[in-house]
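Peer 1: I'll drop the sequence and a predicted model, then ask my questions.
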Number of protein chains: 2
Amino acid sequence: MPKATPNKVYVIKIGCNVINNKPTLEQFLSQFAAITEPKILVHGGGKLADVLSAKLGISPKMHEGRRITDEATLDVVTMVYAGLINKQIIARLQALNCNALGLSGADGNIILSQKRPATNVDYGFAGDIVKVNVTWIQQLLNSCITPVLAPITHNAAGQLLNTNADTIAAEVAKALSKKYRVELCFCFDKPGVLLDVNDANTVVHLLNEEKFLQLKRAGSIADGMLPKLTNTFATLHAGVQQVHIFQAQDLPLIIEGKRAGTLCQL
Amino acid sequence: MPKATPNKVYVIKIGCNVINNKPTLEQFLSQFAAITEPKILVHGGGKLADVLSAKLGISPKMHEGRRITDEATLDVVTMVYAGLINKQIIARLQALNCNALGLSGADGNIILSQKRPATNVDYGFAGDIVKVNVTWIQQLLNSCITPVLAPITHNAAGQLLNTNADTIAAEVAKALSKKYRVELCFCFDKPGVLLDVNDANTVVHLLNEEKFLQLKRAGSIADGMLPKLTNTFATLHAGVQQVHIFQAQDLPLIIEGKRAGTLCQL
């Protein structure tokens, strides 16, 4: 008997540029709720954690552009990411008839991580993902529940950990690709991968690994985009079917299979 | 065929006196995790919301001892209750091998409420419970997942609402009593209902409605206890089997069926 084609699942990540802008977020959530296939939302933090930290007199500690999460900062991001932002999104999705369930990694042990080992730099309470609970995600999706993941995980020893939302989206997509045809979507602040970062008309519509490596050698890809695309191709090698990089407003085009943003495939 | 006896479920509520004290909370969570029967935890807020509000310059608005939830306060309680306190409890329970799932009322639409109508007083974003999603709670309990409810609900139109944790515990217990033998447990700051509020040796060990009404008429029950007990007997009339009022440290005695605190029965 031929093996049945696995179901499709969308793993969609939104960051600051969507979360910080109320009308953009509202439009995105309407479009997200309208997706009829199983779907998972991963959200980042937005600027609110920085605003709250500043009000509380907690100065951000950074090392080469990466945040160091001390105990006070961990409390703030837990409140803002897993509390305010996550629950506001859930309430809105429920109003849009999407049965959403907000989760930190600790909830139902959905994402297990470990504290990043301190080598030259101690990043504090930063978590690197160890395991995604695929069985439980399957149960939720089978019950027509839409998981909404906040970028907070745990180490199974009682410690919450701050975890990069892009990484959560990538690791969840990779783990699910053993059971589903996974399309990983990064809602970005630009209309896709640009050949000229200052020109929105230079979107690379289709990017395979060969072309990516060519562009990388030619120095045509902006610095910030390099690690994102390196990770993208790693998820594709791990079994994710497609990765889309696009502006949030283009989500309906992506879902309809129309050309929008950058489609990355092996 | 005789009808099978329904399963027992514990609905256990903890408030400030447990949440504010780290060793007490730690001991309670160990004892809670050790309960082998299906169980649900409902937690209140603790003083942290007031501390955070004060730091942010939000002055508490009260009317006759009840909090008025303006928008800024709603954001704070959502962050503190559904974010920090809930997720810290979940991480700790996971470390104790209890597969806990933290929920606001919006998550999975588990508790639907409506904004309290403004009559003489507008309590702001305060929610009165309309419906408890019993079917989903059953599914979670059948999957050996332990729901941990934060006192934040939603109105299915996108609005989060601040809801009293005692009321959540009572309404969840009442709703579940159609399907389970429910024991509702209030962890209290005193060893039970006291005849003399200043004397811990005056615990009323067994309280039926007749005795409650007698004590009420005689003025022997402290003011703060009256609404709690009135609600308690309402839950018993609605089908809850037993209500226990006791100090958190006595939880193991309650679970073993030994005498501790006040047992309320019709």
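Peer 2: Looks like it came in fine. As the structure is a prediction and not an experimental result, all values here were calculated from the model.

Peer 1: Over to residue A:38: give its phi and psi.
Peer 2: Torsion angles at residue A:38 (phi, psi; degrees, to the nearest 10) stand at phi -60, psi 140.

Peer 1: so who does the closest residue to it other than its chain neighbours touch?
Peer 2: Distances taken as Cβ to Cβ, 6 or more residues apart in numbering or on different chains place residue A:141 nearest to residue A:38, at 4.3 Å, with adjacent residues excluded. C-beta coordinates here come from the backbone N, C-alpha and C atoms, glycine included. By Cβ atoms under 8 Å, 6 or more residues apart in numbering or on different chains, residue A:141 lies in contact with A:9, A:38, A:40, A:147.

Peer 1: Would you mind getting the angle between the strand or helix carrying residue A:141 and helix B:134-142?
Peer 2: According to DSSP states H and E, residue A:141 maps onto helix A:134-142. Using axes from the mean of the first three to the mean of the last three Cα atoms, to 10 degrees, the inter-axis angle of helix A:134-142 relative to helix B:134-142 is 160 degrees.

Peer 1: Helix A:134-142: how far from the chain's middle?
Peer 2: 18 Å (Cα atoms, centre = their mean, to the nearest Å).

Peer 1: Also stretch A:72-80?
Peer 2: When C-alpha coordinates are averaged (Cα atoms, centre = their mean), stretch A:72-80 and its chain have centres 19 Å apart.

Peer 1: who touches it?
Peer 2: Counting by Cβ under 8 Å, 6+ apart, A:45-46, A:48-49, A:52-53, A:56, A:58, A:60-61, A:67, A:69, A:104, A:124-125, A:151-152, A:160-162, B:79-80, B:83-84, B:87-88 sit against stretch A:72-80.

Peer 1: same question, stretch A:190-201
Peer 2: So stretch A:190-201 is contacted by A:202-205, A:207, A:215, A:220-222, A:225, A:229, A:245-247, A:250, A:260-262 (Cβ under 8 Å, 6+ apart).

Peer 1: what does stretch A:210-217 give?
Peer 2: Residues contacting stretch A:210-217 (Cβ under 8 Å, 6+ apart): A:195, A:204, A:207, A:221, A:226, A:229, A:233, A:264.

Peer 1: name the element the fifth one belongs to?
Peer 2: Following DSSP H and E, the helix or strand that holds residue A:226 is helix A:225-237.

Peer 1: That helix packs against which elements?
Peer 2: Judged by 3 or more Cβ pairs under 8 Å, 6 or more residues apart in numbering or on different chains; DSSP states H and E, helix A:225-237 is in contact with helix A:165-176, strand A:181-188, helix A:209-217, strand A:242-247, strand A:262-264.

Peer 1: Return the nearest residue of chain A with respect to chain B.
Peer 2: At 2.0 Å from chain B, residue A:83 is the closest residue in chain A, using Cβ to the nearest Cβ.

Peer 1: Just give the closest residue to that residue, not the sequence neighbours.
Peer 2: Per Cβ to Cβ, 6+ apart, closest to residue A:83 is residue B:83, 2.0 Å.

Peer 1: Residue A:82 is in contact with that neighbour, correct?
Peer 2: Yes. Judged on Cβ atoms under 8 Å, residue B:83 makes contact with residue A:82 at a distance of 4.9 Å.

Peer 1: Tell me which two in the contacts of residue A:141 are the farthest apart.
Peer 2: A:9 and A:147 (10.4 Å; Cβ to Cβ).

Peer 1: Name the residues contacting each of the two.
Peer 2: A:40, A:141.

Peer 1: What parts of the stretch 151-266 of chain A come near chain B?
Peer 2: Counting by Cβ under 8 Å from any Cβ of the partner chain, the residues of the stretch 151-266 of chain A close to chain B are A:152, A:154, A:156-160.

Peer 1: List buried residues within those.
Peer 2: Buried members of these, counted by 16 or more other Cβ atoms under 10 Å in any protein chain shown: A:152, A:154, A:156, A:158-160.

Peer 1: got these as TSV, with secondary structure and pLDDT columns?
Peer 2: Formatted as TSV, those follow (DSSP: H, G, I helix; E, B strand; the rest coil; pLDDT from 0 to 100):
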residue	secondary structure	pLDDT
A:152	strand	98
A:154	strand	98
A:156	coil	98
A:158	coil	98
A:159	coil	98
A:160	strand	98
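
Peer 1: Buried ones from the contacts of stretch A:190-201, can you make that a ChimeraX selection?
Peer 2: Buried residues within these, by 16+ other Cβ under 10 Å, are selected in ChimeraX with:
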select /A:203,204,207,215,220,221,225,229,245,246,247,250,260,261,262
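
Peer 1: Now for the closest residue in space to residue A:157 that isn't next to it in sequence, how many residues are close by?
Peer 2: Spatial nearest neighbour of residue A:157, chain neighbours left out: residue B:95 (5.2 Å); criterion: Cβ to Cβ, 6+ apart. A count of nearby residues for residue B:95, using other Cβ atoms under 10 Å in any protein chain shown, gives 18.

Peer 1: In the contacts of stretch A:210-217, which has the lowest confidence score?
Peer 2: Among the contacts of stretch A:210-217, residue A:221 carries the lowest pLDDT, at 85.

Peer 1: For it, which non-adjacent residue is closest in space?
Peer 2: Once flanking residues are discounted, residue A:221 sits nearest to residue A:215: 5.1 Å by Cβ to Cβ, 6+ apart.

Peer 1: In terms of pLDDT, where does that neighbour sit?
Peer 2: For residue A:215, the model assigns a pLDDT of 92.

Peer 1: The nearest residue to residue A:62 once chain neighbours are set aside - how many residues pack around it?
Peer 2: Closest residue to residue A:62 apart from its sequence neighbours, by Cβ to Cβ, 6+ apart: residue A:68 at 6.6 Å. Neighbourhood size, residue A:68 [other Cβ under 10 Å]: 16.

Peer 1: is it true that residue A:68 lies in a strand?
Peer 2: Yes. If the criterion is DSSP: H, G, I helix; E, B strand; the rest coil, then residue A:68 is within a strand.

Peer 1: Tell me who's in contact with it.
Peer 2: A:61-62, A:121-124, A:126.

Peer 1: And it, how close does it get to residue A:118?
Peer 2: 10 Å (Cβ to Cβ, to the nearest Å).

Peer 1: List, one by one, the residues from the stretch 1-150 of chain A near chain B.
Peer 2: Within the stretch 1-150 of chain A, the positions lying close to chain B (Cβ under 8 Å from any Cβ) are A:55-56, A:75, A:78-84, A:86-88, A:90-92, A:94-95, A:99-104, A:106-109, A:139, A:143, A:145.

Peer 1: again, only using 6 Å
Peer 2: Residues of the stretch 1-150 of chain A lying close to chain B (Cβ under 6 Å from any Cβ of the partner chain) are A:55-56, A:75, A:78-79, A:82-84, A:87, A:90-92, A:94-95, A:101-102, A:104, A:106-109.
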